[in-house]
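**Q** Sequence plus predicted model, see below.
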Amino acid sequence: MSRDQMNYLFKRYSAKAGIEVRTFPHMARATMITFAYEAGATGEEIQRTVGHSSITTTEGYNHTARKHRESASLKVGY
């Protein structure tokens, strides 16, 4: 499948799901990595799964996961 075909299908199914913001396949990948961190997966496990050559790239998503946890904690008063 080409990159253009993947983008087309992703946008098509996003629209069918009622998602009204612009979407890209990389958003799903980034979300999966963030959720994996939040679920307790290690950086090395995630790096192997997604194929990052550098752990530094993978660790960037951990920063995002941390921000999500902090934001959620503030919302519930912890």
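**A** Great, that's in hand. Here the structure is a predicted model, which means the values were calculated and not measured.
**Q** Okay, strands next: where are they in the chain?
**A** For the chain, applying DSSP state E gives no strands.
**Q** So, low pLDDT: which residues of it?
**A** 64-78 (pLDDT under 70).
**Q** Helices of that one, start to end?
**A** 3-16, 25-38, 43-50, 55-76 (DSSP state H).
**Q** Put together a markdown table for those helices, with mean neighbour count on each row.
**A** Heads up, the C-betas are built off the backbone N, CA and C, glycines and all. Below are the helices of the chain laid out as a markdown table (neighbours: other CB atoms under 10 Å):
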| stretch | mean neighbour count |
| --- | --- |
| helix 3-16 | 12 |
| helix 25-38 | 16 |
| helix 43-50 | 15 |
| helix 55-76 | 13 |
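**Q** could you list every residue that touches residue 33?
**A** By CB atoms under 8 Å, 6 or more residues apart in numbering, the residues touching residue 33 are 46, 50, 58, 61.
**Q** repeat for residue 59
**A** Residue 59 neighbours (CB under 8 Å, 6+ apart): residue 43.
**Q** Kindly recompute the last result at 10 Å.
**A** Going by CB atoms under 10 Å, 6 or more residues apart in numbering, residue 59 touches 37, 43, 46-47, 52.
**Q** Tell me the one of those nearest residue 25?
**A** residue 52 (16.2 Å; CB to CB).
**Q** pretty sure the closest one contacts residue 45?
**A** No. With contact defined as CB atoms under 10 Å, residue 52 does not reach residue 45; the gap is 11.5 Å.
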